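S.K.: can't give you the sequence, but here's the structure:
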């Protein structure tokens, strides 16, 4: 499970496609055609000129999301866990904003954002999770509606728990191969997520015969939502050759539709989402963020603010 790359064609509508790269696991949130990619290797399947990564210009992200929120005294005092409050700018997928105008690129109807690469100055000094703060801020400030999707490529396994992003999704898809090691990583993830009400489904990968499928069914039981095998379509995309969506194998299409149904059917709990955002922010404020910024960042929590779907971007 650890670092095997799989690209799947995800039909969002009849004439649209998202190339989803799953790196050992994860993740779909119910939103419309927005893909945030942690840039761990080149864009060898989709050729598009992207702007600077969002993490390299995180102050631009902070400055926009901060808005007129009086509890955030400066851009430098806003950290990746800072929750929205009165005066914050919220984001909707269908609306234009300085963030979308600067960071997004559109390919085949899909909006792309990239973040997360290491640069020469980072080597030996920065951890991977320091590169994805902009993504967490964007997810904290997103308001989504029915039939809207965000697909976020994540690192594999327990690494996801080094930030608060593991709580940000309506459903998390963990890719599991028919091996004991891969199943063990899945169970570890389950254990870490248990107290956070994270909805998880297992997706079998590289299932080549009935023995592989029976192994996953025996080990995962009802957690196994669906599975995929070897795919000529996926293999071609890994070589940089994009085939027409009509050539996607029926079993793979069936698996992807099962994943989309699971995302559509997942209940949306805005209250839980905001409570968890606040809890993780307060943890970070106590442990490092207040000291690092020289301010008490617990005051950034707005007790009168309620995150809800009818809030309009300010």
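M.R.: Cool, got the structure. Just so it is clear, the structure is predicted and the values come from calculations on it, not from any experiment.

S.K.: residue 290: neighbour count?
M.R.: Neighbour count for residue 290, taken as other Cβ atoms under 10 Å: 18. C-beta coordinates here come from the backbone N, C-alpha and C atoms, glycine included.

S.K.: could you measure from it over to residue 219?
M.R.: For residue 290, the distance to residue 219 (Cβ to Cβ, to the nearest Å) stands at 43 Å.

S.K.: next one: residue 138
M.R.: 35 Å.

S.K.: higher neighbour count, the two?
M.R.: Using other Cβ under 10 Å as the criterion, residue 138 and residue 219 rank with residue 138 on top: 22 against 19.

S.K.: any idea which element that one lies in?
M.R.: Assigned by DSSP states H and E, residue 138 belongs to helix 133-140.

S.K.: packing partners for that helix?
M.R.: On a contact count with 3 or more Cβ pairs under 8 Å, 6 or more residues apart in numbering; DSSP states H and E, helix 133-140 meets strand 34-38, helix 58-66, strand 110-115, strand 150-152.

S.K.: which intervals of the stretch 1-150 of the chain have sub-threshold pLDDT?
M.R.: Applying pLDDT under 70 to the stretch 1-150 of the chain picks out residues 1-56, 115-131.

S.K.: do a quick rundown of the strands in it.
M.R.: 5-10, 18-23, 28-29, 34-38, 105-107, 110-115, 150-152 (DSSP state E, counting those that start in this stretch).

S.K.: ok, and the closest non-adjacent residue to residue 188?
M.R.: Once flanking residues are discounted, residue 188 sits nearest to residue 158: 5.6 Å by Cβ to Cβ, 6 or more residues apart in numbering.

S.K.: just list the residues touching that neighbour, thanks.
M.R.: Shown here is residue 158, whose contacts under the criterion Cβ atoms under 8 Å, 6 or more residues apart in numbering are 185, 188-189, 192.

S.K.: pLDDT weak spots in the stretch 201-314 of the chain?
M.R.: Looking at the stretch 201-314 of the chain by pLDDT under 70, you get 312-314.

S.K.: mind listing what's buried in stretch 250-268?
M.R.: 252-253, 255-256, 259-260, 262-263, 266 (16 or more other Cβ atoms under 10 Å).

S.K.: out of those, which comes closest to residue 207?
M.R.: Nearest to residue 207, judged by Cβ to Cβ, of those is residue 255 at 9.8 Å.

S.K.: quick one, what contacts residue 206?
M.R.: 4, 177-178, 212, 228-230.

S.K.: and it, which of the three is it?
M.R.: Of the three states, residue 206 takes coil according to DSSP: H, G, I helix; E, B strand; the rest coil.

S.K.: over to residue 225?
M.R.: strand.
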